[in-house]
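Peer 1: Model the following, please.
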Amino acid sequence: MRISGIRSAYSALESTFEVAVYPTDVRHFVVISELDDNPGPSITNCAEFAAPQLARRLEIPWKRAVFIESYPANPALGQRDPTFDRIAFTGEITLMPGFASRPPVPKATFADRGWQPLDLFLATALQEAGCQMSTLIGRTVRFRESAQGASGEYRVLGYDGRRYYTNKGVFASEDLVGVPTACPGRAAGHSAGPAP
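Peer 2: Numbering: from 1, shown residues only. Predicted structure coming up:
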């Protein structure tokens, strides 16, 4: 869902994000995705203000929320799938004076390492909750194996928002060379794997 009116203490402009919530028995995963037409600060530049406002609007208890920042795929930069990073906060929320005499804004306190790559456990939990992180899981794709350009085809078993886990090892997103359009031994035109 698209949520507008996210305020920051550092800007008069309000932000708009695409937000998806994936509830589980223990946590609510809140994926905040940057939009091309966001008129205000990016999620990276206002995360400490956006998270408490979203938790309140979505009626999610603060201690049950896990916030995840996402940026869309950017094929021009070699990024086939969106990126995902956890935004880690402590339990502390304070009020900051609003920008230019506007009302106060709730501000969350970042943990020691505010942005953290998802580990495979968290990425798997997020996928099991219904978030489609990659269209390549279960497919055979080509990855660059060395700086000299050698490459091989491997089956993608998982994706954590930055790295692909395959049957032959772990590859960074930038090592993805391509997705074959047909499997050897199959007639041309058949899918290389399950439908995304």
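Peer 1: Please name the bridge partners of residue 17.
Peer 2: In this entry, residue 17 is beta-bridged to residue 3, by DSSP bridges.
Peer 1: got it, and residue 117?
Peer 2: Where residue 117 sits in a bridge, its partners, by DSSP bridges, are residue 85.
Peer 1: Any chance you could list what contacts the longest helix along the chain?
Peer 2: Counting by DSSP state H, the longest helix found in the chain is helix 43-57. Helix 43-57 is contacted from outside by 3, 6-11, 15, 17, 19, 30, 32-34, 40, 60-62, 65, 67, 69, 87, 89, 93, 96, 105-110, 114-115, using Cβ atoms under 8 Å, 6 or more residues apart in numbering. Heads up, the C-betas are built off the backbone N, CA and C, glycines and all.
Peer 1: Sketch out the low-pLDDT regions of the chain for me.
Peer 2: 147-148, 180-196 (pLDDT under 70).
Peer 1: Let me see the domain layout of this structure.
Peer 2: The chain breaks down by automatic domain parsing into domains covering 2-128, 134-196.
Peer 1: Make a markdown table from those domains and add mean neighbour count to it.
Peer 2: Below are those laid out as a markdown table (neighbours: other Cβ atoms under 10 Å):
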| stretch | mean neighbour count |
| --- | --- |
| domain 2-128 | 16 |
| domain 134-196 | 15 |
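Peer 1: all strands in the protein, in order from the N-terminus.
Peer 2: 2-8, 11-23, 28-33, 65-71, 83-96, 105-117, 140-144, 151-159, 163-166, 169-172, 176-178 (DSSP state E).
Peer 1: Tell me which residue is most central in this structure.
Peer 2: residue 84 (2.5 Å; Cα atoms, centre = their mean).
Peer 1: wait, that residue sits on residue 66?
Peer 2: No - with contacts counted by Cβ atoms under 8 Å, residue 84 stays clear of residue 66, the gap being 11.3 Å.
Peer 1: measure the spatially closest residue to the residue nearest to the centre of the chain that is not a sequence neighbour to residue 123 for me?
Peer 2: Distances taken as Cβ to Cβ, 6 or more residues apart in numbering place residue 161 nearest to residue 84, at 2.9 Å, with adjacent residues excluded. According to Cβ to Cβ, to the nearest Å, residue 161 stands 6 Å off from residue 123.
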